[in-house]
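Undergrad: whatever this is, show me its structure:
(chains A and B)
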There are 2 protein chains.
Amino acid sequence: MYIRGIGRTRFGALNASLPELMYDSVMKALSDSGLESKDIDAAIVSCFAPEKFQSQLHINSMLSSLLPTNKMPVFRVEAACASGGVAVNLACHMARAFENVMVIGVEKMNSVASWDATDILAMALDKKYEQDEGMIFPAAYALIAQQHFFKYGSTSEDLALVSLKNHANANRNELAHFYRKKVDLETIRNSISVSSPLRLFDCCPMSDGAASAIVSAKKASDRDIKILGSSVRTDNLSLIDRKSLTSFTAAKLAARDVYNQAEVKPEDISFAEVHDCFTIAELVAIEDLDLCEPGDSVKLVRDGETSLDGSRPVNTDGGLKADGHPIGATGIAQIYETVMQLRGEADRRQIDGPTYGLTHNIGGIGGTAAVHLFGID
Amino acid sequence: MYIRGIGRTRFGALNASLPELMYDSVMKALSDSGLESKDIDAAIVSCFAPEKFQSQLHINSMLSSLLPTNKMPVFRVEAACASGGVAVNLACHMARAFENVMVIGVEKMNSVASWDATDILAMALDKKYEQDEGMIFPAAYALIAQQHFFKYGSTSEDLALVSLKNHANANRNELAHFYRKKVDLETIRNSISVSSPLRLFDCCPMSDGAASAIVSAKKASDRDIKILGSSVRTDNLSLIDRKSLTSFTAAKLAARDVYNQAEVKPEDISFAEVHDCFTIAELVAIEDLDLCEPGDSVKLVRDGETSLDGSRPVNTDGGLKADGHPIGATGIAQIYETVMQLRGEADRRQIDGPTYGLTHNIGGIGGTAAVHLFGID
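TA: Sure, this is the predicted structure:
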């Protein structure tokens, strides 16, 4: 399987409707691929909560309205914040039957107040054991951070370094939510506490945006990037059923799957786009992907190895933290960045000669994980 | 591809939670198949609006909690009222990579008042052109009925015959929402007008329930039913973009697909489970499936040909009208009934020696259509 074309909108608080965002990213992916809309044989839409943000369901049919002559099979998937990665995995399954499968991820979250959006996001947590007890995502990831601090000696300063690096990367990404925002360590350290030890600058923003990718079974040009591995794994919905708070079993299993499928070892990975909804999640991700031993991610961060000029760059686009996190689009935006890097088209944030790139997309607090491994064919 | 096992709950206003309904139908499907939970390699959950009915998203992870050792790929799909049929189509794609794919459809609608449920259902209609104009589903299907009456001379009496037949079938289906309800023509004729010409007994109820099916690539026993054709097609979201109000293009295209895939002609079909969310929709379905010429469905109904002892039984389980319509479960319940009929296990509603059965599942007002064709291998 190959990624034949990619496209995305800017992420941020945008003055555009859900179908406008979808259409924009779809047209950019078509243009990037050289295909016309009639060449698309099936599509998958990834969107988390359009019924809450827009009072609109049946989004697969909405996409059909945007490409009205196709009348093709269109599916909508939802897997909390992993919806995008899950959609691409599904596209790989479907590309056995269809030549070109379009994947569109979209979310428009700024249609509601941010406190309402927080409650909507919490619907990805267990109703009985989490939502009804007042648990929201910052609180859940704060528990994870506290446990990581306790177990491995990581600190708030390490989390600040993750935030600093991701904001610096976003400053080189003109599509990023925080492209123009200047953030230094003082800004991060002095930001308000959201859920201790997480401060405002440990948390990703509420973003609007869309990203699209075309998955094709056959290679059509040298710009196509090969999907060497694709896996989705799941775990229990609630944190109370987890044996560990510092590692997501679903992510570890999905990572193992893609390494096996690709016959690539973790040490061969040039860079990774990981699910840093909170800064602590980037540390957990690096460890779950076996890019280091458990607990050692902080060493990589402190040594600058995860920076653009490090040995193992992570979140070169700014990640969820600074590129933004329009839920349904995120997993596909990660693949957008990975393709740009592998093509050598990442402009001011281009890393040096990457061969293999990973994407890691998490739903809930590890209830779903979608991991992909890409390379140059 | 084969249906290797099926299971479902009773439909109705049930005193059971969403995961309880899912678990019940999953265990019944496993028991029916002879497989154990560890034999399931992937799963697809079909659910329309759990965030509105239960404040719960990330339902794929909820399923993972019910089969906690599997950690398998689980997807949630939503395609309005066609979610179930769409999920089975997706399972056919995934069964190329996985041995046994479980499909679970579920909805619990009676958690909210029926007028709130009506508004939630309307989210499958276009926000701008339909919802904001006050359009709800009974009104949309009333437009279709009026147009069918005008174009083909069908009448409210014909719709009453559809309702009467489906309630009679449900009286033979102990899992049906209206199993015990006695309904005669007078009851139907005297029921209140919902949206002219549709009366209360032209409308399906708000149901809770779940249905599951296991899709496998290989035949394992003589009870397995072969999936001869599977197709999903889509169309514009809004009625304002449609050329005809009396036929759904997506359904016609999906039907054509499955006839071609199966190399079976419409005249060879023994029976069909069709999407009668409103009685008029059953007439449109029969015509879109090419079981008769456009406008001629009323002749079949008047002549009793669609009854259990007719030449072409339709909705032998009572259909959405009387078996019930727990949105996410409906498309899978249609397949449950089709498998029961083809196995000869449909008890008091068993039809005589069926060879081919069709299922027809619609989302919105024809924005999505999922059609399947089943047979004995």
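
Undergrad: the stretch 101-250 of chain A against chain B: which residues are in contact?
TA: A:120, A:123-127, A:131, A:231-238, A:241, A:249-250 (CB under 8 Å from any CB of the partner chain). C-betas here are computed from N, CA, C, even on glycine.

Undergrad: and the buried ones among the residues you listed, selectable in ChimeraX?
TA: A single ChimeraX command selects the buried members of those (16 or more other CB atoms under 10 Å in any protein chain shown):
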select /A:120,123,124,125,126,127,131,231,232,233,234,235,236,237,238,249,250
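
Undergrad: out of the residues of the stretch 101-250 of chain A next to chain B, which are inside helices?
TA: A:120, A:249-250 (DSSP state H).

Undergrad: pull the residues that contact the lowest-mean-pLDDT helix or strand in chain A.
TA: Lowest by mean pLDDT, DSSP states H and E among the helices and strands of chain A is helix A:114-121, with a mean of 94. Here helix A:114-121 makes contact (CB atoms under 8 Å, 6 or more residues apart in numbering or on different chains) with A:49, A:52-53, A:109-110, A:112, A:136-138, A:206, A:327, B:51.

Undergrad: hmm, try it at 10 Å
TA: A:13, A:48-49, A:51-53, A:80-81, A:107, A:109-113, A:131, A:136-138, A:205-206, A:277, A:325, A:327, A:364, B:51, B:55, B:57 (CB atoms under 10 Å, 6 or more residues apart in numbering or on different chains).

Undergrad: pLDDT of the strand or helix carrying residue A:105, averaged?
TA: If you go by DSSP states H and E, residue A:105 is part of strand A:100-108. Computed over strand A:100-108, the mean pLDDT rounds to 98.

Undergrad: what angle do that strand and helix A:114-121 make?
TA: Going by axes from the mean of the first three to the mean of the last three CA atoms, to 10 degrees, strand A:100-108 is angled at 140 degrees with respect to helix A:114-121.

Undergrad: ok, residue A:366 - contacts?
TA: So residue A:366 contacts A:82, A:140, A:144, A:233-237, A:239, A:242, A:244-245, A:247-252, A:275, A:281, A:284, A:288, B:61 (CB under 10 Å, 6+ apart).

Undergrad: next: residue A:319.
TA: A:162-163, A:165-167, A:169-170, A:176, A:204, A:273-277, A:279, A:281-282, A:285, A:325, A:330, A:333-334, A:337.

Undergrad: among these, which are located in helices?
TA: Among the contacts of residue A:319, the residues falling in helices (DSSP H) are A:162-163, A:165-167, A:169-170, A:279, A:281-282, A:285, A:330, A:333-334, A:337.

Undergrad: show the model's pLDDT score for residue A:247.
TA: 98.

Undergrad: wait, it touches residue A:286, no?
TA: No. With contact defined as CB atoms under 10 Å, residue A:247 does not count as touching residue A:286 (11.1 Å).

Undergrad: the two: who's more crowded?
TA: Taking neighbours as other CB atoms under 10 Å in any protein chain shown, residue A:247 and residue A:286 compare with residue A:286 leading, 25 against 17.

Undergrad: now do the end-to-end distance for stretch A:189-204.
TA: Length of stretch A:189-204, first residue to last, CA to CA, to the nearest Å: 16 Å.

Undergrad: just the buried members of the contacts of helix A:114-121?
TA: The buried subset of the contacts of helix A:114-121 - by 16+ other CB under 10 Å - is A:13, A:48-49, A:51-53, A:80-81, A:107, A:109-112, A:131, A:136-138, A:205-206, A:277, A:325, A:327, A:364, B:51, B:55, B:57.

Undergrad: show me the residue of the stretch 51-200 of chain A that gets nearest to chain B, please.
TA: residue A:61 (3.0 Å; CB to the nearest CB).

Undergrad: with that, I have no additional questions.
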